[in-house]
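> Below: sequence and its predicted model.
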Amino acid sequence: MDAHKESPLMEALREFEATEANLVKLERLRREIENLVPKGIQFGTNHDYEDRCRAFEDVLASLPMIDGWKPVFGFPDLNDLAQS
């Protein structure tokens, strides 16, 4: 066995650890995003909200597929939320 090549089990463990770290990031970002949603009707932009939503989408996109499936999720635009 090549000393530089990892076993399939080690490769899988490394991927599981990276996925777990990304899930922790997603949970933290979700809480931050929810805290940035205005409590009442408010139109306009919130750059912190938009930045965290983009970060959430980037981390979510990096998750590996499991049995051909990957979650799809997005947060609403604040103006759309205020209008509804």
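Nice, I can see it. Please read these numbers as outputs of a predicted model, since none were measured by experiment. Numbering: from 1, shown residues only.

> Tell me the pLDDT of the closest residue to residue 36 other than its chain neighbours.
Leaving aside its chain neighbours, residue 36 sits nearest to residue 49 (4.3 Å; criterion: CB to CB, 6 or more residues apart in numbering). C-betas here are computed from N, CA, C, even on glycine. Per-residue confidence (pLDDT) for residue 49: 90.

> what do you get for the one 10 residues further on?
Note for residue 59: predicted pLDDT of 94.

> Neighbours of it, how many?
Neighbour count of residue 59, defined by other CB atoms under 10 Å: 17.

> name the element it belongs to?
helix 47-62 (DSSP states H and E).

> ok, residue 49 touching residue 38?
No: using CB atoms under 8 Å as the test, residue 49 is too far from residue 38 to be in contact (9.1 Å).

> what residues are shared contacts of the two?
Taking CB atoms under 8 Å, 6 or more residues apart in numbering as the criterion, residue 49 and residue 38 both touch residue 78.

> low pLDDT regions in the chain?
Scanning the chain with the threshold set as pLDDT under 70 gives 1-4.

> and with 80 instead?
Residue ranges of the chain with pLDDT under 80: 1-5, 40-42, 44, 80-84.

> so who does residue 55 touch?
residue 29.

> Would you mind measuring from it to residue 72?
16 Å (CB to CB, to the nearest Å).

> One more: residue 80?
18 Å.
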